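>>> test case, fold it:
(one chain, ligands or ions: 1)
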Amino acid sequence: MSTINWFPGHMAKAIRQMEENIHLVDIVFELVDARIPASSRNPEVARIAQNKPHLVILTKKDLADPQQTTAWLNYYRQQHQPAIAIDSRANVTPKQITKIALDILADKLAAEQAKGLKERPMRAMTVGVPNVGKSTLLNHLVQRKAAQVGDTPGVTKGQQWLRSSKHLELLDTPGILWPKFKDQITAQKLALTGAIKEKLYAKDDVALYALSFFRQYHPQALQERYHLGQEDLTLSDVDLLLKITAKVGMRDDYERASERLILDARRKKLGGFTLDRAPVAGEPIE
Ligand SMILES: Nc1nc2c(ncn2[C@@H]2O[C@H](COP(=O)(O)OP(=O)(O)OP(=O)(O)O)[C@@H](O)[C@H]2O)c(=O)[nH]1
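Residues are numbered from 1 along each chain as shown. Here you go, the predicted structure:
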């Protein structure tokens with residue numbers, strides 16, 4: 001299996017800028033992908049922003065397994081970590097996010113006013129892995145096309161301040177990863193959900209990972225999508241990939257079939273899915 005890593009200069013620079021600017025903000029809006037709430041949390045963000053209040057925003061909830069999303073939100077609640085799940089393209093309004101942030105910062109803002117300080121907007125730093133949906137959310141929050149949206153990772157390159165309302169200002173940052181992934185499963189999950197530049201991973205490796213996941217958690221979706229029999233699910237992952245390659249009419253071009261499988265998963269042709277299972281009380285996060 002080839003090793004996946006993606007930490008170009010602009011991400012290292014973005015991390016340095018985060019370190020420089022963290023003192024300017026009241027709160028961090030940490031966007032994570034609802035399909036991989038653990039694997040898309042950046043350890044560098046945890047390090048840099050450890051003393052700041054956080055709002056965890058699970059994006060792309062429309063692509064995730066709804067039961068798992070509910071379980072993740074319950075988990076955050078138990079941890080006293082404010083969190084919401086959204087479809088960045090649809091169900092989110094500036095008022096909603098502002099209200100949540102105001103609630104989180106209520107004590108701090110009240111203390112400032114008690115000291116006679118002038119009322120001021122809250123300042124939030126928005127962070128997240130590439131392609132997580134940050135620009136889409138920000139454009140909703142500022143109600144104009146301020147950040148460039150694209151379906152490939154790494155579209156946003158620099159930092160910029162944006163004004164949502166008189167209550168909320170946002171510091172946009174580029175999508176960032178970190179120098180070394182904990183393990184290659186984390187990397188496969190990031191690749192499958194679209195956070196890693198396409199040229200940097202072997203599609204068949206990611207497809208094999210996807211197959212092992214869907215076989216375990218959504219076997220019926222695989223069967224229906226690729227017209228597989230019950231016995232096909234007992235094949236090894238490699239043989240199953242070869243079977244699917246034949247079923248989608250690509251003969252022995254399993255590279256192209258791998259690409260098809262990855263796109264099918266991303267486009268929800270295999271249903272909503274969550275690769276990081278929500279933690280069960282007392283057990284470590286998978
Ligand atoms: N289904 C779904 N798609 C989304 C959602 N949010 C964003 N997208 C899509 O995901 C892709 C990436 O969105 P962006 O907003 O450009 O992501 P970004 O985090 O700014 O990306 P970078 O520029 O790489 O940092 C686009 O094709 C969006 O339309 C969501 O909640 N649900």
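
>>> in the host helix or strand of I100, which residues are buried?
Assigning secondary structure by DSSP states H and E places I100 in helix 94-114. Under the neighbour-count criterion of 16 or more other Cβ atoms under 10 Å, helix 94-114 has 97-98, 100-101, 104-105, 109 buried. Placement of C-beta: from N, CA and C, glycine included.

>>> how about stretch 114-130?
So, applying 16+ other Cβ under 10 Å, buried residues of stretch 114-130: 122-130.

>>> quick one: average pLDDT of that stretch?
Mean pLDDT, computed over stretch 114-130, is 93.

>>> do the same with stretch 26-46
96.

>>> show the end-to-end separation of it, please.
15 Å (Cα to Cα, to the nearest Å).

>>> now check that stretch, is it near the ligand?
No. With Cβ under 6 Å from any ligand atom as the criterion, the ligand is not reached by stretch 26-46; the gap is at least 6.9 Å.

>>> that stretch: how far from the chain's middle?
Mean-position distance between stretch 26-46 and its chain equals 7 Å (Cα atoms, centre = their mean, to the nearest Å).

>>> before we move on, back to that, give me the subset of the buried residues of helix 94-114 touching the ligand.
The subset of the buried residues of helix 94-114 within reach of the ligand, by Cβ under 6 Å from any ligand atom, is empty.

>>> identify, from these, the entry nearest to L190.
In terms of Cβ to Cβ, no member of those lies closer to L190 than I97, at 25.0 Å.

>>> wait, what's in contact with the closest one?
Contacts for I97 (Cβ atoms under 8 Å, 6 or more residues apart in numbering) come out as 29, 55, 141, 164, 168.

>>> low-confidence regions, the protein specifically.
Along the chain, the model assigns pLDDT under 70 to residues 1, 91, 149-150, 152-158, 281-286.

>>> let me know the secondary structure of the residue sitting furthest away from the middle of it.
No residue in the chain sits farther from the centre than G116, which is 39.8 Å out by Cα atoms, centre = their mean. Secondary structure, DSSP: H, G, I helix; E, B strand; the rest coil: G116 is coil.

>>> how about the residue nearest the centre of the chain, nearest residue that isn't a chain neighbour?
By Cα atoms, centre = their mean, the chain has its centre lying nearest to D33, at 2.2 Å. Using Cβ to Cβ, 6 or more residues apart in numbering and skipping the chain neighbours, the partner closest in space to D33 is S40 (4.5 Å).

>>> same deal with R41?
V32 (5.5 Å).

>>> can you pull the phi/psi pair for that neighbour?
The phi/psi pair for V32 (degrees, to the nearest 10) reads phi -130, psi 150.

>>> sorry, back to before: could you say what helices and strands whichever helix or strand comes after the helix holding I100 packs with?
For helix 94-114, the succeeding helix or strand toward the C-terminus, using DSSP H and E, is strand 122-128. Here strand 122-128 touches helix 9-21, strand 27-33, helix 94-114, helix 134-142, strand 168-172, going by 3 or more Cβ pairs under 8 Å, 6 or more residues apart in numbering; DSSP states H and E.

>>> near the ligand, which residues of the stretch 1-150 of the chain?
Residues of the stretch 1-150 of the chain lying near the ligand (Cβ under 6 Å from any ligand atom): 59-60, 62-63, 87-89, 128, 130-136, 149-150.

>>> ok, back up a step: my guess is the residue nearest to D33 contacts A187, does it?
No. When contacts are counted by Cβ atoms under 8 Å, S40 is not listed as touching A187 (11.6 Å).

>>> in the stretch 151-286 of the chain, which residue sits nearest the ligand?
G175 (2.7 Å; Cβ to the nearest ligand atom).

>>> I'd like the helices and strands packed on strand 122-128 written out as TSV, with distance to A202 added.
Shown next, in TSV, are these (distance: least, Cβ to Cβ, whole Å):
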stretch	distance to A202
helix 9-21	21
strand 27-33	21
helix 94-114	38
helix 134-142	27
strand 168-172	32
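
>>> stretch 236-243: which residues count as buried?
240-241, 243.

>>> now, the residues of the stretch 1-150 of the chain next to the ligand that are in strands?
59, 128 (DSSP state E).

>>> of the residues of the stretch 1-150 of the chain next to the ligand, buried ones?
For these, buried by 16+ other Cβ under 10 Å: 59-60, 62-63, 87-88, 128, 130-136, 149.

>>> before I go, just wanted to say thanks for your time.
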